[in-house]
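Colleague: need a structure here:
(one chain, ligands or ions: 3)
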Amino acid sequence: MSAKILDGKALAARLQTEMAEQVQTWIPQVGRPPGLAVLRVGEDPASAAYVRGKERACERVGMASFGQHFSAEAPPSQLLDTILRLNQDERVDGILVQLPLPPGWDPIPPLLAIEPDKDVDGLHPMNLGRLLRGEPGLQSCTPLGVMRLLQTEGIPLSGKQAVVVGRSILVGKPLSLMLLAADATVTLAHSRTPDLADVTRRADIVVMAVGKPNLLSADMVKPGAVVIDVGINRTLTPDGSSQLVGDVCYEEVKEVAAAITPVPGGVGPMTVTMLLHNTLESYRLRNRRGNGCSL
Ligand SMILES: NC(=O)C1=CN([C@@H]2O[C@H](COP(=O)(O)OP(=O)(O)OC[C@H]3O[C@@H](n4cnc5c(N)ncnc54)[C@H](OP(=O)(O)O)[C@@H]3O)[C@@H](O)[C@H]2O)C=CC1
Ligand SMILES: Nc1nc(=O)c2c([nH]1)NC[C@@H]1CN(c3ccc(C(=O)N[C@@H](CCC(=O)O)C(=O)O)cc3)C=[N+]21
Ligand SMILES: [Mg+2]
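Modeller: Ligands and ions are numbered 1, 2, ... in the order given. Here you go, the predicted model:
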């Protein structure tokens, strides 16, 4: 038996089409499109590619993008001043700082400077606190994309054993809180987990968010489990071309799992889509207040 392929790319395309239609109906009521500002520092080629992808997606659904790029040698106060200006800019609904920042740049001051209502990456302590408390607020895009994919595919979470491998503030930790809120029993594993296979073999749902190719092999997966691969790794094939792979031995795990996300085409496109979703949510909240329109 071969696993059902969870097609994040197709779901992302569908959701983006819906959002594009909503944007077109709301622009006349609000008098402007939703706006997203993506801030990038330094010359990391992967970050540059992600930011391009986000800006393209923005334009596809009719949102305005207000990207800015800073040199790694620029004073960090330039980034902070820009954030404070964007906080006040009525055309901007979402602000995000692409991570990681270059060596020597502390991500905490910019993350704290972003107005929580415009924090579409969900990384401000206010929004992380809301997530922890189970209150409404902007939530991190990748975990949100994973949850949306699971829900759309009708995968039950309540009472299930969920194992998340990787405990970053961007992915693993917030995702474990969302799975917990959906009534899964959650285990959060990491590099100091002594016997990872023993932990993952108990799981009904395994999420890999590490950044190590082939870390999850078929013998580590319970037959019939659902496997979500968040990992994005660029590797070289024997013939020297570059290839994108996740954290899962995809070919062998898909023979034991009930369902699996591919890389590319799984979680990645959902991340970008949830960024647009958060920006739209922020736009609606900002324009609902007081002025009698029905967003
Ligand atoms: N598809 C998408 O949309 C996205 C993909 N990614 C990708 O997901 C991956 C994870 O990203 P991110 O969370 O930012 O990464 P981080 O590097 O911040 O975190 C990696 C986590 O993996 C853990 N880890 C490392 N080695 C092992 C191991 N051998 N066994 C178990 N756990 C291990 C680390 O443990 P410890 O805490 O002990 O160090 C850490 O918690 C990357 O490949 C990244 O590119 C990220 C964001 C979005
Ligand atoms: N502040 C911040 N927020 C982030 O959300 C954030 C970040 N920093 N830093 C880096 C990670 C990584 N990330 C991805 C986004 C899209 C794809 C994506 O679209 N992937 C496609 C393939 C893209 C390709 O071909 O290169 C796919 O998996 O199908 C992947 C990874 C967001 N991140
Ligand atoms: Mg993917």
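Colleague: In the protein, where is pLDDT below threshold?
Modeller: 289-295 (pLDDT under 70).
Colleague: What residue spans form the domains of it?
Modeller: As given by automatic domain parsing, the domain ranges for the chain are 31-115, 141-267.
Colleague: and these as JSON lines, adding distance to ligand 2 and mean neighbour count?
Modeller: No exception for glycine: its C-beta is placed from N, CA and C like everyone else's. Output for these, formatted as JSON lines (distance: least, Cβ to the nearest ligand atom, whole Å; neighbours: other Cβ atoms under 10 Å):
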{"stretch": "domain 31-115", "distance to ligand 2": "4", "mean neighbour count": "17"}
{"stretch": "domain 141-267", "distance to ligand 2": "3", "mean neighbour count": "19"}
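Colleague: Need those domains in JSON lines (columns: distance to residue 282).
Modeller: JSON lines is the format used below for those (distance: least, Cβ to Cβ, whole Å):
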{"stretch": "domain 31-115", "distance to residue 282": "4"}
{"stretch": "domain 141-267", "distance to residue 282": "13"}
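Colleague: any idea which element the most centrally placed residue in the chain lies in?
Modeller: In the chain, the C-alpha nearest the mean C-alpha coordinate belongs to residue 142, at 1.9 Å (Cα atoms, centre = their mean). In the assignment (DSSP states H and E), residue 142 maps to helix 141-152.
Colleague: and that helix, C-alpha only, in CSV?
Modeller: C-alpha atoms of helix 141-152 as CSV (Å, rounded to 0.1, in the frame of the first residue of the first chain):
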residue,chain,number,x,y,z
CYS,A,141,2.7,30.6,9.1
THR,A,142,4.4,27.2,8.8
PRO,A,143,2.6,25.6,11.7
LEU,A,144,-0.7,27.2,10.6
GLY,A,145,-0.1,25.7,7.1
VAL,A,146,0.5,22.3,8.6
MET,A,147,-2.7,22.5,10.6
ARG,A,148,-4.7,23.7,7.6
LEU,A,149,-3.4,20.8,5.5
LEU,A,150,-4.3,18.3,8.2
GLN,A,151,-7.8,19.7,8.7
THR,A,152,-8.5,20.0,5.0
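Colleague: near ligand 1 at all, the helix or strand just after it?
Modeller: Counting by DSSP H and E, the element after helix 141-152 in chain order, helix or strand, is strand 161-165. Yes: using Cβ under 6 Å from any ligand atom, we find that strand 161-165 touches ligand 1 at residue 165.
Colleague: What is strand 161-165 packed up against?
Modeller: Contacts defined by 3 or more Cβ pairs under 8 Å, 6 or more residues apart in numbering; DSSP states H and E place strand 161-165 against helix 172-181, strand 185-189, helix 196-200, strand 205-208.
Colleague: how does it look with 6 Å?
Modeller: helix 172-181, strand 185-189, strand 205-208 (3 or more Cβ pairs under 6 Å, 6 or more residues apart in numbering; DSSP states H and E).
Colleague: Including distance to residue 115, could the ones you listed go into CSV?
Modeller: Formatted as CSV, the helices and strands packed on strand 161-165 follow (distance: least, Cβ to Cβ, whole Å):
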stretch, distance to residue 115
helix 172-181, 19
strand 185-189, 30
strand 205-208, 30
